[in-house]
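Novice: when you get a sec, could you give me coordinates for this:
(2 chains)
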Amino acid sequence: MISSQLLKIRSRLTEQVHIAPLSLFRVLFGLMMFASVIRFWQKGWIDELYVKPEFFFKYYGFEWVQVPGETGVYLLFALVAVSAFFLMLGLFYKFSAIAFFLSFTYTELLDKTNYLNHYYFVSIIALLMIFLPAGNYFSLDVRLGLTKKITHVQRWLIGVIQLQLGFVYFFAGLAKLNYDWLINAQPLRIWLQPHTDLPVIGFLMDKVWIAYFFSWFGAIYDLTIPFFLLNKRTRPYAYIAVIGFHVLTAILFPIGMFPYVMIISTLIFFSEEFHLKVITGIKYALNFFKKKEQEEQRVVKRYKPAFKKILLFFFVSHFIIQVIFPLRFLMYPGNLFWTEQGFRFSWRVMLMEKAGKAFFYVHDPVTNQSGEVMMNNYLTPNQEKMMATQPDMILQYAQFLKKKYEQTGLQNPKITVESYVTLNGKGSQLFINKYVDLTKIHDSFTNKWWILPLNEN
Amino acid sequence: MKKKISIYICLASFALLFSQCDKKKEEEVTPESSFDKSGMLANIGDNLIIPAYADFKISVDSLKLVTDAFISAPTASSLDDLQASFFRCYSQFQWVSTYEFGPGETEFLRNSFNVFPCDTAEMNGKIAAGNTNFSTVADIDVKGFPALDFLLYGYHLNDAAILSLFTTDPNAGNRKSYLNAIVTELKSKTDIVNAGWSATGGNYISTFKNSTGSDVGSSIGLLVNQLNFDLEILKNARIGIPLGKRSLGVALPEKSEAFYSGLSLELALQHVNNIENIYLGRSRSNNDGLGFDDYLTHINARYGSGSLNEAIKSKLSSAKIKLAAIPGPLSNAVINNASVVDAAYLELQQLVILLKVDMTSALGVSITYVDNDGD
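Specialist: Down below sits the predicted model:
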């Protein structure tokens, strides 16, 4: 019984299907990424986030990543834009996929301050794209004869993108299953009430029941939407829900491109026929591929990966990591939202209202005198704000301050922090043990014992 | 089938969650209607900001007249008048310094009028050279009130010695021109900002009242951000730095605001009074309208087991008491009564936490000066 089910699944996954969903996904993904970079550039954020700051917060293990100077940063973003554009065109696909993955990921590694789940999502998708034959159909490569055309792939190769999207939703949903979200309707009660001036729905925004409704709807939506999108019968309704949900979040929250990225990306759940129709429509509009149109109907060209075992091994290990990584927080004691140990790279999107203020103190061990550190000397207001609630950033900044003070001739300064943080409107409280000399602490994956426990009141 | 199973799984996990939640929460009442944000903005705009700028303008206009009189006839009595007018003007500035958005931001009022300590060496050099041009960014510390403070009080100088600098000193003429240039800039910028806010001028008051969102760039967003920025200036520049908080405990009295006239504490008290008024939506004639206190109460913001509004109000009043307890002038107190100053500093620090962390978080206002994506 079970084995026959498995066989059915297996045959469904290995069934040959048209490659159209993959190639259209490539076009749309490239287009969205290109538009995102242009938007980022045009808003002046390259300057604001990567030129102005004097200090950048590095990711653990990626301390070697450096901001390559003003011209360098702009060139880097130009590379991201160009490679995204080439991805869309399907020109030099393998190279542009690799270039996009590397350049985009490098920009994200420049400063931890700017971490967003959707940037992580983009990096992951870009990585997967490198190993997918998304440039072998409806691409300039094929048109120019740079690569051979493929019309059919085994279904699981499209499933890779679908599964990754499913993971994003499902883990985002799992993360919402917590006391504050479901029982206190926090942080949505805080986040919705400022929107009473919205047209039409504004009057609802400070009603407590609407915060509960949104909280529960959001959790159920995230947990179930991948399944409803997979099912042919429910798919159209599910997609309407996708549009409604993400448009609403776009109106209510400052989350940039993320809603649109998700709305466009989830199109990949639709059938091959749907994608073929879209592609035909685009071809018509471009009046470009017209002359090869007839032969396409007849010739079936299957994808035969050169190293199928390696490919399979890569994808399987990728998804195993994708399961383990969001759950790594279970190894740490304390409240995850408070300590943020194992918080990033886990699809915890719009989950908590956290704000804080950190005061750093420097102590001279010889004279026993101490003073407060002038924060705005090295950090932008945005960096200061982001750091105040994230222990690993506080630690990194303390180590940086140590170096700065040593340059002024103060040997072996002791650096402590007095930081107050509020989580989901609980009232600010001391976050880090204010007596701990942070210069003596080394960041690692072990438990950060110097974070004080959250007092839940 | 698949759908059913997933629904069952969801229901089961929710049921499991509920079974773990035996905490009793106090009943919370849904407010009958939305908080009147435009009412709060109208109150703060019409009853606090507009009158504060009007009062400030009156004092600056008068300062200009008194300065003209002093320049044409520098005597002990006209110096007295000028010093008194300077203090009135500097005091009135404390009631507008928070509003560094709209016209105030366009004119860089805070940076043009009150960057202290002033660079006295640079000032003396400019006076000797007869240079009254200070329009570049590098000149922010040779003009405005701190420069007037130095010109009119000097360092360890009595009034007769000050007067002689404007009469018998070889640079007396240049010094008078310099004085005139500072006051002229004060007046022209104040006039521009006043006109910018005025309903009959730039009408920023209307923009202010009609932007009722809470996002970056909305009136509430701007006001909350500037309130916090200004409060941190009070905590850091006015009190902390003279106290030696930034110099490993070594007091730096010469860094205090109004160091030469010794008026720092009076100014600081007015400043904290203004912050309290903005928070309460209270005018200087004590009319208490809609303010952030009402807003926080309306949304039932908590602080520990009590209300956030009560916590902020009590911190405001204790900060005022601790500031008032410092024996003036501040430049002496940071050396002779450091522990009293330190007590006031700690109150201000806790006020910063309540306003910058708790209040902004409860109101959903973002502490940032640039728009950015989040998730």
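Novice: secondary structure element for A:Leu6?
Specialist: helix A:2-14 (DSSP states H and E).
Novice: how about B:Asn225?
Specialist: If you go by DSSP H and E, B:Asn225 is part of helix B:219-233.
Novice: what's the following helix or strand after that helix?
Specialist: Next along from helix B:219-233, by DSSP H and E: helix B:241-243.
Novice: domain map for chain A?
Specialist: Per automatic domain parsing, the domain ranges recorded for chain A read A:1-154+A:271-304, A:155-270, A:353-440.
Novice: please determine whether the second one lies in contact with chain B.
Specialist: Yes. For domain A:155-270 and chain B, the contact criterion (CB under 8 Å from any CB of the partner chain) is met by A:177, A:179, A:182-184, A:190-191, A:193-197, A:202-203, A:205-209, A:220, A:223-224, A:227-228, A:230-231, A:234, A:253-258. The C-beta positions use only the backbone N, C-alpha and C, and glycine is treated the same way.
Novice: B:Pro146 reaches B:Pro117, doesn't it?
Specialist: Yes. B:Pro146 is in contact with B:Pro117 according to CB atoms under 8 Å; the separation is 6.4 Å.
Novice: now the end-to-end length of stretch A:434-448.
Specialist: Terminal residues of stretch A:434-448 lie 14 Å apart, using CA to CA, to the nearest Å.
Novice: so how far is it from its chain's centroid?
Specialist: Relative to its parent chain, stretch A:434-448 has a centroid offset of 27 Å by CA atoms, centre = their mean, to the nearest Å.
Novice: buried sites along that stretch?
Specialist: Under the neighbour-count criterion of 16 or more other CB atoms under 10 Å in any protein chain shown, stretch A:434-448 has A:Val436, A:Asp437, A:Leu438, A:Thr439, A:Ile441, A:Asp443, A:Lys448 buried.
Novice: up against chain A, what does the stretch 251-375 of chain B have?
Specialist: Within the stretch 251-375 of chain B, the positions near chain A by CB under 8 Å from any CB are B:299, B:301-305, B:308, B:311, B:349, B:352-354, B:356-358, B:360-375.
Novice: which of the residues you listed count as buried?
Specialist: Among those, those that count as buried by neighbour count (16+ other CB under 10 Å) are B:299, B:301-303, B:308, B:311, B:349, B:352-354, B:356-358, B:360-369, B:372-373, B:375.
Novice: what about the residues you listed, which are in helices?
Specialist: If you go by DSSP state H, those have B:Leu308, B:Ala311, B:Gln349, B:Val352, B:Thr360, B:Ser361, B:Ala362, B:Leu363 in helices.
Novice: ramachandran coordinates for residue 125?
Specialist: I'll assume chain A. Main-chain dihedrals, A:Ile125, degrees, to the nearest 10: phi -60, psi -40.
Novice: wait, I meant chain B there
Specialist: Here is the backbone geometry of B:Gly125 (degrees, to the nearest 10): phi -60, psi -40.
Novice: excluding covalently adjacent residues, which one is nearest to it?
Specialist: In space, and not counting its chain neighbours, B:Gly125 is closest to B:Asn131: 8.0 Å by CB to CB, 6 or more residues apart in numbering or on different chains.
Novice: what about the residue lying closest to A:Thr14 once chain neighbours are set aside, how many residues nearby?
Specialist: Once flanking residues are discounted, A:Thr14 sits nearest to A:Gln154: 4.9 Å by CB to CB, 6+ apart. Residues near A:Gln154, counting by other CB atoms under 10 Å in any protein chain shown, number 16.
Novice: sounds good, over and out.
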